[in-house]
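**Student:** Below are the sequence and a predicted model for it; my questions follow.
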Amino acid sequence: MAKLAVKSTATFPVPTIEPRAAKAAKKPDEFKSEIKPDWCPSCGDFGVLNALQKACATLGIPNKDVLCVSGIGCSSNLPGFFKTYGIHSLHGRSNPIAAGAKLANPELTVVITGGDGDGFGIGLGHFIHNMRRNLDVTYLVMDNQIYGLTTGQTSPTTTIGTQTKSTPEGCIEHPINPMALALVSGATFVARTFSGEIGHMTEVITKAISHKGFSFVDCYSPCVTYNKVNTYPWFKSRVYKLEDQKHDTADLRAALDKAFEEEKLPIGVFYKKEGVPSYEELDPTISRLGAPVKQPLDLKPADAKALKDSFR
Amino acid sequence: MAKTSMSLWIGGAAGDGNAFAGRAFIKACSRSGLHGFAYNSYQSLIRGGHVLLQTAVGPEKVYTQADDCDILIALNQDTIEREAADAALGVLYNGDRLKLDAAKLRPGAKTLALPCMKLTSNPLLQNTVALGALFQLTGLDFALFETFLKENFDKKGDAVVSGNLAAAKAGFEYSQKNFPDLGIRLPKREGRHMVMTGNQAIALGAVAGGCKFFSGYPMTPASSIMHWLSPRAAKFGLVFKQAEDELAAMNMAVGAGIAGVRPMTATSGGGFALMTEAISLAGMVEAPVVVVEVQRGGPSTGLPTKTEQGDLFQVLGAGQGDFPKAILAPIDLEDAFHSTVEAFNLAEKYQMPVMLMSDLLLSEHEGTVVDLDMDVKLERGTWAVPGQAPEDGGFFPRYADSETGVSPRAVPGQEGLMHVASSDEHDERGNLISDVHTDPAKRVLIMNKRMRKLEGVLRDFKPTRLEGPEDAELTIVGWGSTTGMMRHVMRHFNQNGAKRVNILPIRYIHPFPADDVLSILKRAKKVMAMECNYTAQLCRLIRMETGFHIQTRWLKYDGEPFYPGSTIAKVSEVLRG
Ligand SMILES: Cc1ncc(C[n+]2csc(CCOP(=O)(O)OP(=O)(O)O)c2C)c(N)n1
Ligand code: SF4
């Protein structure tokens, strides 16, 4: 590759972002990067990537205004395939990384992506705290109920009895219920969808990104290589759409009931609460002065003097 | 001739109001143009226990707390039992509540009992009475005490202010009529000095240094940085975030740095241990971030309220792999301010994590500062000009190779500079090379590019220099807060123009200024090191970086800082030997 010449400047070019308003739709291809996904053929993560690209295209968000933050895992490779700004961070730390970036520049549209190990195992604490903050970000978990990248160990959503590399006699721990957890932790948008239903997934992700506040989407995303139990046919025979039912998305208790269904698996929006202020809207600094990234760095001489005098 | 400098100790249980009394005294001294130093020896308790605030003041710069006190203010019986024998001139106490056996005092020291019940109707004002007497005994301007009381109790209403003023006056007058002259006359000089702690100097440096994001998790002795910043955050456009743990605090700071602001986090040793993975991430994605590590006694939870310098190797080794980072260890209050600004400039100019190492003594002691030059220069480094998206449709080469190793920076929201900040090894565009079969050439190119930044960092560092006479008999080497005691000892031995001692305070830990340090040590006649840790961590670092082996070591790891008497005795022995 030829040496890449870059034009540079010594002054910080402050990022300018137009407020998120109805914008002309774009083509999903505009969100495709030059990098070809390296997932196994038919991996559920392809569906999530496609649906996310379609959702952003439908909403017409300028690519440069999106920041996609992931952790580590097969699913966390997603930012490389998605033509926006990205942070491919540490295993389990996508939530705090995203929180820091969002608080530094609240005008960004922040989408967090990752796996169930990343979000419900090593990163579980951060996930809960971002929900109770009602940070205005979208969190998509590609839930394959297994550790993919590390070649098939048990995950926090692996069901009891499932044999994996690390549970040869079957998993003996109770799985996390991500839906119930999100509902009781203060997320203001909680949904589930399935990679085998791209249209449905696109609609749900579009709604999630449009929602103001923390939106969580648990995406059933089969690992075709290491999870021989929760396969596409397994999901196909169990999922049903809440949109086809009389489900009231404003009813937290009804949503909790749905979260505990086991025989059949509801997909769609479980719960949505509008009008709850987001963390950024309540933050004492951002609410008064706007985005920290736009603040001038130098202290005013009068402020410097007053600060010194406060110590005298 | 009356004494113009003195040491005052104030002892009681936590909650007895030692801190209030200490502040009143040190403020009056600093406003009289005097210098001061206050070290609070305390326990990890909210109420009870024994807290001893040790202050020393005088017309000359004060570098340390003293071995004993001239006057002790005892707020409880326990303090009398523990400390009265260390008072040279007198012990002030509430004679209605406490008992002091004059026979237990040093020869010549006076019992100064205040009949507090008679002097004030409010038992809560016994400290104010004692301070009134103290102002009389030391010759401090009583008007300065009145001003302090008004400033302090203004919000509580007129009744509280006037009650305190009356109690203060009663104490002053009682002392005038009944106590002997102790032979102390603190002078009044030109100027009003500032009084601050090391953590306040760091927090002030953060505000002056353009910090716009602070995330942290409470941990003694770092918490007072957040306590100073959080109420002032909104005024200075800084977002303050208490995180759920140190993992989050550090990762939030990295996220904020990637998004284009100057971020900071602060913690102590245990919290820092949780941050290390994300420090390595900052090195890899070339994000600026400043991490303050205020050391306390270790290992593990250790001695939460005691000082130590035992984390040098933890901070030096922090983070998996080789990556560029800088470590600064400020040596005094002024330097704590300036090092913080310097840390932010280095972090942005070289797009890397910068660690600032302090310790409980530097961070929590209060001292006077004559002035601070707050007109600091902020350097934000090199930025990519927006709107230069690669024609091939690929990601922007955020990590483009360059002679300095620094690549023009780009942040989310800018036009035409999209890329992924990747924690996996990547090429110039941020595309992963970890997933390709193997690409040794690219790996070496990018690794060299990142590490090359350290050459510039080392050039940017100010020279490391000796303080004191060039050709002294002994060179004392140390780092961080220990510099205060080194300066005290140097002044002691070099009185009347003697050239017995010079000192080498090290404030850059990494990259190590090996050339400067080695040339100084080679020229030294005799070298000794002093540090607050068990394994002589600085000595080991110096040997590792320069090959120079410092054999004479004065180490302390009992939780308390160095004291002048024992240190001077040790240095005398080394000078003789
Ligand atoms: C701190 C740390 N611990 C462990 C790992 C190894 N690791 C990488 S991905 C992963 C789990 C992947 O599972 P999941 O998050 O569910 O993602 P998937 O690969 O299934 O998409 C683990 C344990 C790591 N990278 N970092
Ligand atoms: S291992 Fe599983 S999760 Fe990973 S890419 Fe293959 S199918 Fe997808």
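**Tutor:** Thanks, I have the structure now. Numbering: from 1, shown residues only, chains lettered A, B, ... in the order given. Ligands and ions are numbered 1, 2, ... in the order given.
**Student:** alpha carbons only for contacts and neighbour counts from here, please
**Tutor:** Will do.
**Student:** Just confirm B:Ala38 is within a strand.
**Tutor:** Yes: residue state for B:Ala38 (DSSP: H, G, I helix; E, B strand; the rest coil) corresponds to a strand.
**Student:** who's in contact with it?
**Tutor:** B:Ala38 makes contact with B:Ile26, B:Leu53, B:Gln54, B:Thr55, B:Ala56, B:Thr64, B:Gln65, B:His365, B:Glu366, B:Gly367 under the criterion Cα atoms under 8 Å, 6 or more residues apart in numbering or on different chains.
**Student:** Closest to ligand 2 out of those?
**Tutor:** Distance from ligand 2 was checked for each of the contacts of B:Ala38 by Cα to the nearest ligand atom. The minimum falls on B:His365, at 53.9 Å.
**Student:** Can you report how many residues lie near the closest one?
**Tutor:** If you count neighbours by other Cα atoms under 10 Å in any protein chain shown, B:His365 ends up with 22.
**Student:** Assess the claim that it and B:Thr197 are in contact.
**Tutor:** Yes: using Cα atoms under 8 Å, B:His365 is in contact with B:Thr197, at 5.3 Å.
**Student:** in the stretch 51-200 of chain A, which spans are strands?
**Tutor:** Using DSSP state E, counting those that start in this stretch, the strands found in the stretch 51-200 of chain A span residues A:66-70, A:85-88, A:109-115, A:138-143, A:189-194.
**Student:** What pairs with the fourth one, parallel or antiparallel?
**Tutor:** If you go by DSSP bridges, strand A:138-143 pairs up with strand A:109-115 (parallel), strand A:215-220 (parallel).
**Student:** and of these, who's closest to B:Gly547?
**Tutor:** Comparing those against B:Gly547 with Cα to Cα, the closest turns out to be strand A:109-115 (47.6 Å).
**Student:** next helix or strand past that closest one?
**Tutor:** Sequence order places helix A:116 as the next helix or strand after strand A:109-115, per DSSP states H and E.
**Student:** which helices and strands sit right next to that next one?
**Tutor:** For helix A:116, the elements it packs on are strand A:138-143, judged by 3 or more Cα pairs under 8 Å, 6 or more residues apart in numbering or on different chains; DSSP states H and E.
**Student:** any low-confidence regions in the chain?
**Tutor:** No chain specified, so I'll use chain A. By pLDDT under 70, the low-scoring segments of chain A are A:1-4, A:22.
**Student:** need the residues of it near ligand 1, please.
**Tutor:** For chain A, the residues found near ligand 1 under the criterion Cα under 6 Å from any ligand atom are A:72-75, A:91, A:115-118, A:146-150.
**Student:** ok, now with 8 Å
**Tutor:** When proximity is defined as Cα under 8 Å from any ligand atom, chain A approaches ligand 1 at A:45, A:71-76, A:90-92, A:114-119, A:121-122, A:142-152, A:155, A:223.
**Student:** Restricted to helices, list those residues.
**Tutor:** A:Asp45, A:Asp116 (DSSP state H).
**Student:** Now the two most distant members of the contacts of B:Ala38.
**Tutor:** Largest separation among the contacts of B:Ala38 by Cα to Cα: B:Ile26 and B:Thr64, giving 14.0 Å.
**Student:** Done for today, thanks.
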